[in-house]
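A.B. asks: would you be able to build a 3D model of this:
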Amino acid sequence: MDLKQRELEQGQKQFEERLEFDKKQAEDRLQLEQRIQQSNREMILECAQIFGAALAKSYHYDADPRQ
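C.D. replies: Below is the predicted model of the structure:
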């Protein structure tokens with residue numbers, strides 16, 4: 001095998017390794033974003049529940065005729 005052929009094969013190998021590396025990074029980034037979005041959804045729901053409970057408590061307090 002001549003030098004030029006080896007250089008081409010090495011270049012192709014490096015290119016494929018870089019593609020694989022970039023693909024893995026993109027997949028990892030996507031998974032992180034999905035986990036962050038899920039965490040944000042859970043936090044929003046928790047805040048809504050807390051706020052709803054506070055409103056309900058306030059409503060019951062305001063509606064109490066013994067005041």
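A.B. asks: in this protein, where is pLDDT below threshold?
C.D. replies: Under the criterion pLDDT under 70, the flagged ranges of the chain are 1, 61-67.
A.B. asks: which stretches of it form strands?
C.D. replies: Using DSSP state E, no strands are assigned anywhere in the chain.
A.B. asks: what residue lies at the spatial centre of it?
C.D. replies: residue 33 (2.0 Å; CA atoms, centre = their mean).
A.B. asks: list the contacts of that residue.
C.D. replies: Contact analysis of residue 33 by CB atoms under 8 Å, 6 or more residues apart in numbering lists nothing. Where C-beta positions appear, they are placed from N, C-alpha and C, glycine not excepted.
A.B. asks: which stretches of the chain form helices?
C.D. replies: Along the chain, counting by DSSP state H, helices occupy 3-63.
A.B. asks: from residue 23, how far out is the residue nearest to the centre of the chain?
C.D. replies: 16 Å (CB to CB, to the nearest Å).
A.B. asks: one more: residue 48?
C.D. replies: 38 Å.
A.B. asks: cool, residue 46 as well?
C.D. replies: Counting by CB to CB, the gap from residue 46 to residue 23 is 35 Å.
A.B. asks: same deal with residue 37?
C.D. replies: 21 Å.
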